[in-house]
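1. I'll drop the sequence and a predicted model, then ask my questions.
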Amino acid sequence: MGVKKKIPQRQCVGCHEMKNKKDLIRILKTEDEGIVIDTTGKKNGRGAYVCPNTDCLEKAVRQKGLERSFKMAVDNNVYEQLKKELMEIEAR
């Protein structure tokens with residue numbers, strides 16, 4: 001009998017679906033850098049998760065999902081930067 005390993009689940013701030021942590025992209029609020037995409041998933045800071053497509057990011061922008069997660073106002077240029085980085089990730 002093998003031991004079944006538990007897979008961590010996280011909720012997307014755009015579509016609000018529970019998915020495997022590894023299938024989502026972590027957006028991180030740090031004290032130093034501000035709001036960035038955490039590709040390693042191991043940086044320190046408050047994290048929010050979004051599906052790796054632009055539709056979920058757009059839903060998160062409309063519904064203010066990141067602002068609720070981070071408990072602060074998020075500037076529009078931060079969203080533009082996240083969209084650019086997300087498009088680069090989708091292209092891979």
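-> Happy to help now that I have it.
2. Buried ones in whichever helix in the chain runs longest, by neighbour count?
-> In the chain, taking DSSP state H as the definition, the longest helix is helix 76-91. Using 16 or more other CB atoms under 10 Å as the test for burial, helix 76-91 gives Val78, Tyr79, Leu82, Glu85, Leu86. Any C-beta I mention is one placed from the backbone N, CA and C, and that applies to glycine too.
3. Check which helices and strands that helix sits against.
-> If you count contacts as 3 or more CB pairs under 8 Å, 6 or more residues apart in numbering; DSSP states H and E, helix 76-91 packs onto strand 25-30, strand 34-38, helix 54-62.
4. Show me where the chain dips below the pLDDT cut-off.
-> For the chain, applying pLDDT under 70 flags the ranges 1.
5. residue closest to the middle of it?
-> With distances taken as CA atoms, centre = their mean, the residue of the chain nearest its centroid is Tyr49 (3.0 Å).
6. Would you enumerate the residues in contact with that one?
-> By CB atoms under 8 Å, 6 or more residues apart in numbering, Tyr49 lies in contact with Arg10, Gln11, Cys12, Val13, Lys21, Leu24, Ile25, Arg26, Ile27.
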